[in-house]
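**Q** need the 3D shape of this:
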Amino acid sequence: MFDKSESAFPAKKNSLFLAHCSISPMQQQAKEAAQGFLEAMADGGISGLPPYFNLLPRFHKKCGQLFKTDSENISCTHNTAEGMCLIANGYPFEPGDEIISYVYEFPSNHYPWRLQEKRGVKLVLLSDSDPLRDFSDVTSPRGWSMEELERKVNSKTRMIALSHVQFTSGYTADLTQLGDFCKERKIDLVIDGAQSVGCLPLYPEECNVSAVAVSTWKWLMGPFGAGLLYTSPDFREKIEMTMAGPSCMQQGLDYLDHRWNPHTDGRKFEYSTLAWEHVAALTSLLEAVFLRYSMEGIRDEVFRLQDIFMKYLDPELFRPLLFPDKHRSGILALLPNCGGQGLVDRVAKHGLVATIRSDYIRIAPHFYLSDDDMKMAAECFNMEAVKR
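**A** Predicted coordinates:
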């Protein structure tokens, strides 16, 4: 079913890459598309670019298909933080309003909300909890609880800003439950999708999500420094523009027409020149991979590969955080019985690439890896853990 070839995923020639929660190797079609644009620029500048003039509408359309939404709800950005800042700085907060988030969110989904404290907005942080009920002795981040969130919501709560998948533990939010909760209370739900999009299905309109910000160099295997943003029409209408330039105005290339006439669709947030090689890479990538296969199929294959890894991993040497399916993600967090960083360094000598956050070793395989890859990875971790 899946193309797992080295020609499509050239990083397989050099390593066994288990760090798609970090900076992933770029997929081959994405690389070729970016190179094609750069070659056109090098060969002729503006004279070589006409074939790319329809690229941005294609990008909007393909991203919309990924999210099961209209293309008008998509914006091209540079990273998750930019998307979050465009939202946070333009949202109509008033003094006394509250935002709920999690105490261990990734900085891209923390500092944009901290900035709003200057406007008299209060950032309310959910404490770390133990979703599995048997990791109370662990000091590393684990997750947050819906029960605490419900207690902290009040009449001043305007927004809930959380990651779909927590970058340390891999704990996944139940967006259906969370979205229904927010819809009943008319609270805007803003999601950091950097650790899920490309691995897990995320359909904002099915979950009452107001906005999703994504960096594309993780599970989407796209270029480093590219992002995308989803906003619902009603939510987008609330957001004041805090960045402006020629690209967000409806008069387009008529640069002497200085009327204030911004787009009302996702182009509202595309304020100036984009990294077009990134747009080319992502458009090609979506066509070649993430719209070729279903996101449900990719998720199931990632989980199956994790299960094979766990089958061969020595439970005497590692303590995994095994969440139930609705809270499971592409990140399998392991607590080793030996020093985590030293172990990651040792397996790297065998060509295995993994990352560590807090005390967790994060195992994050993508669908293109094989059963044998996962068995070999587990056996290598076992062998090197014994050498402590």
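**Q** now the helices for the stretch 251-388 of the chain?
**A** Using DSSP state H, counting those that start in this stretch, the helices of the stretch 251-388 of the chain run over residues 276-285, 295-312, 340-348, 371-386.
**Q** in TSV: those helices, plus mean neighbour count.
**A** Backbone N, C-alpha and C define where each C-beta goes, glycine included. Listed next are the helices of the stretch 251-388 of the chain as TSV, based on neighbours: other Cβ atoms under 10 Å:
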stretch	mean neighbour count
helix 276-285	24
helix 295-312	18
helix 340-348	17
helix 371-386	18
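**Q** distance to residue 207 and mean pLDDT added to those, as TSV?
**A** Shown next, in TSV, are the helices of the stretch 251-388 of the chain (distance: least, Cβ to Cβ, whole Å; pLDDT from 0 to 100):
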stretch	distance to residue 207	mean pLDDT
helix 276-285	23	97
helix 295-312	14	98
helix 340-348	34	93
helix 371-386	30	96
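**Q** can you give me the pLDDT of residue 1?
**A** pLDDT for residue 1: 86.
**Q** do the same with the one 5 residues further on
**A** Among the per-residue scores, residue 6 shows a pLDDT of 97.
**Q** count of neighbours near it?
**A** Residue 6 has 12 neighbours, counted by other Cβ atoms under 10 Å.
**Q** next one: residue 143
**A** By other Cβ under 10 Å, 23 other residues sit near residue 143.
**Q** out of the helices of the stretch 251-388 of the chain, which is closest to residue 149?
**A** Set against residue 149 and scored by Cβ to Cβ, the helices of the stretch 251-388 of the chain come closest in helix 295-312, at 24.5 Å.
**Q** could you identify the longest strand within the protein?
**A** Taking DSSP state E as the criterion, the chain has its longest strand at strand 157-163.
**Q** about what we covered before: which one, of the helices of the stretch 251-388 of the chain, ends up nearest to residue 83?
**A** Of these, the one closest to residue 83 (Cβ to Cβ) turns out to be helix 276-285, at 14.2 Å.
**Q** quick one: the residue nearest to residue 101 when sequence neighbours are not counted from residue 361, how far?
**A** By the measure of Cβ to Cβ, 6 or more residues apart in numbering, the closest residue to residue 101 outside its immediate chain neighbours is residue 161, 4.8 Å from it. Per Cβ to Cβ, to the nearest Å, residue 161 is found 28 Å from residue 361.
**Q** go on, residue 126?
**A** 25 Å.
**Q** for residue 38, same thing?
**A** According to Cβ to Cβ, residue 38 and residue 361 sit 36 Å apart.
**Q** again with residue 12
**A** Where residue 361 is concerned, residue 12 sits at a distance of 21 Å (Cβ to Cβ).
**Q** settle it for me: which of those two has more neighbours?
**A** Under the criterion of other Cβ under 10 Å, the comparison of residue 12 against residue 361 puts residue 361 first, with 23 against 18.
**Q** so that one touches residue 334, yeah?
**A** Yes - at 4.5 Å, residue 361 and residue 334 qualify as touching, with contact defined as Cβ atoms under 8 Å.
**Q** what sits in contact with each of the two?
**A** Residues touching both residue 361 and residue 334 (Cβ atoms under 8 Å, 6 or more residues apart in numbering): residue 318.
**Q** look up phi and psi at the nearest residue to residue 13 once chain neighbours are set aside.
**A** With sequence-adjacent residues excluded and distances taken as Cβ to Cβ, 6+ apart, residue 13 is closest to residue 6, at 5.4 Å. For residue 6, the backbone dihedrals (degrees, to the nearest 10) come out as phi -70, psi -30.
**Q** cheers, nothing more for now.
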